[in-house]
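*Asks:* return a 3D structure for these sequence lines:
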Amino acid sequence: MKKNLLLLLLIPLFLGGCAKKVDEGPAKRTVLVYVAAANDLYSYAQSNLTDMIAGYGQTDPQENRLIVYYDAGDGVPCLLQVDASGAHPLQEYPGANSTDPDQLHKVVSQVLQDFPAKSYGLILWSHATGWIPKGFPLAVKNQWSLTAFPATRTFGNQYFEGQRCEIEISDLADALPTGAFDFILIDACLMGGVEVAYALREKTDYLIAYPTEVIADGMPYREITAPLFSDAPTQDYCRQIVRKFYEHYDAQSGVYRSASVALIETAALEALARSVREVVKGNPEVATLPLASVQHYDLYSSPFMYDLDDFIGQLATPAQYQTFRQVLDNAVLYQAHTDTFFSLPLERCCGLSVYIPSEQYADCLPYYQDTPWYRACYL
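*Replies:* Below you'll find the predicted structure:
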């Protein structure tokens, strides 16, 4: 059975199959969830949508708009409006490639226009591998991570017309309007990198992301949907969301007790880049730093995402490190992690990962040198 048919069976269960008209007048908040699930995550997308519907029942429907762009992989992505009664279809996009930045831009622009609000939030939902360019051949994952543990979401990594497609971070940033969002939550693996945060710094006030992978269940939407529409200041309800995420996984047992999350204030990232620049620019020790001594976040056989604090701490003078820590604390407003992610110990974790230019991934360097973070810190 096609994945979209599963969705169409799900929707009438809640609403009777009728499309709703676009609401008139500004709401308090509109949140768009952009679901790119034309991959092995489509069943998790269905369960997450069910949980959003349940969680939305705790909000004020006159003040809030929850819009879901849903691509389950049959070539007919659709736009849904969620309320306590279900997910109401608004529009279909036959043949659309959800990993095309033009499609993302089109959907975001449409939602901002059709669902005006005093504030906006965006959730990006899919697979991801941080700042790494599309198609780059990463080292294989450790076999124990593939066979012994639950599935993870390892934005915009899915299939279209039989081809594996992704959105590069530069294209993602270009597709999003500047200053539109109070928060962006990236419900996908390995997007809690400083390179990603810095690239999106002008797109949102606050960023929620995971420096590690995330178990495929992702955010506990039944618990966090209502806080998405809180009357509290943005920073406060974002803190509530990340706490609920962490507490959800911290309460699990065995390998399911595996999680990391961070809340980033993007206005602090320019100062963070300046403090890192003081340590790394022209520093020959960057290239020779023994990477085995630095905390890493990913499960690849040759890790490429390292803890930013551990990296700078091993290179900085005491004065440099003191300055760095102050601005890091201003940027990372909240971070939490379990003791391990699967069997990877998480001993020194600040909430932001970073790539360390080295011979280990020499082929990556030309791409990395083109990132805004590299230009801000190394040039």
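
*Asks:* which residues of the stretch 251-379 of the chain fall in strands?
*Replies:* 260-265, 306-307, 332-337, 340-341, 344-345, 353-354 (DSSP state E, counting those that start in this stretch).

*Asks:* highest average neighbour count across those strands?
*Replies:* strand 353-354 (a mean of 29; mean count of other Cβ atoms under 10 Å). (C-beta placed from N, C-alpha, C; glycine too.)

*Asks:* which residues does that one contact?
*Replies:* 130, 190, 192-195, 211, 297-298, 305-308, 311 (Cβ atoms under 8 Å, 6 or more residues apart in numbering).

*Asks:* how about a markdown table for the residues you listed, with distance to Y334 and pLDDT added?
*Replies:* Formatted as a markdown table, the contacts of strand 353-354 follow (distance: Cβ to Cβ, whole Å; pLDDT from 0 to 100):
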| residue | distance to Y334 | pLDDT |
| --- | --- | --- |
| G130 | 20 | 88 |
| L190 | 19 | 94 |
| G192 | 12 | 97 |
| G193 | 17 | 97 |
| V194 | 16 | 98 |
| E195 | 20 | 98 |
| P211 | 13 | 97 |
| Y297 | 17 | 96 |
| D298 | 22 | 92 |
| M305 | 20 | 94 |
| Y306 | 21 | 97 |
| D307 | 16 | 98 |
| L308 | 15 | 98 |
| F311 | 21 | 98 |
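
*Asks:* pull the most distant pair out of those residues.
*Replies:* Largest separation among those by Cβ to Cβ: L190 and F311, giving 16.2 Å.

*Asks:* can you give me the end-to-end distance of stretch 87-103?
*Replies:* Stretch 87-103 has an end-to-end distance of 21 Å (Cα to Cα, to the nearest Å).

*Asks:* now do the buried residues in it.
*Replies:* 87-90, 93, 96-101, 103 (16 or more other Cβ atoms under 10 Å).

*Asks:* pLDDT of that stretch, averaged?
*Replies:* Per-residue pLDDT values across stretch 87-103 average out to 94.

*Asks:* from what I can see E265 touches L328, true?
*Replies:* No - assessed by Cβ atoms under 8 Å, E265 is found out of contact with L328, at 11.1 Å.

*Asks:* contacts for the lengthiest helix in the chain, please.
*Replies:* Criterion DSSP state H: the longest helix present in the chain is helix 234-250. Here helix 234-250 makes contact (Cβ under 8 Å, 6+ apart) with 119, 182-183, 185, 205-206, 208, 215, 219-220, 223-224, 227-228, 230, 232, 256-259, 261-263, 265, 333-334, 336-338.

*Asks:* same check on stretch 63-71?
*Replies:* Residues contacting stretch 63-71 (Cβ under 8 Å, 6+ apart): 7, 23, 27-38, 45, 49, 52, 56, 59, 77-83, 87, 90, 96, 98, 107, 111, 115, 117, 158, 225, 228-229.

*Asks:* tell me which of those fall in helices.
*Replies:* Checking those against DSSP H, those in helices are 7, 45, 49, 52, 56, 107, 111.

*Asks:* please report how far D60 lies from Y249.
*Replies:* Distance, D60 to Y249, by Cβ to Cβ, to the nearest Å: 29 Å.

*Asks:* the two: which is more packed in?
*Replies:* Y249 (21 against 11; other Cβ atoms under 10 Å).

*Asks:* and that one, how far from F183?
*Replies:* Y249 is 20 Å from F183, by Cβ to Cβ.

*Asks:* got it, and E202?
*Replies:* Taking Cβ to Cβ, one finds E202 at 14 Å from F183.

*Asks:* just the pLDDT at the closest residue to K203 other than its chain neighbours, thanks.
*Replies:* Spatially, and ignoring its direct neighbours in sequence, K203 is nearest to L176 (4.6 Å; Cβ to Cβ, 6 or more residues apart in numbering). If you check L176, the pLDDT there is 98.

*Asks:* ok, V107 touching L79?
*Replies:* Yes - here V107 reaches L79: they are 7.1 Å apart, a contact under Cβ under 8 Å.

*Asks:* could you give me the average pLDDT of the helix or strand containing D205?
*Replies:* Following DSSP states H and E, one finds D205 within strand 204-209. Across strand 204-209, pLDDT averages out at 98.
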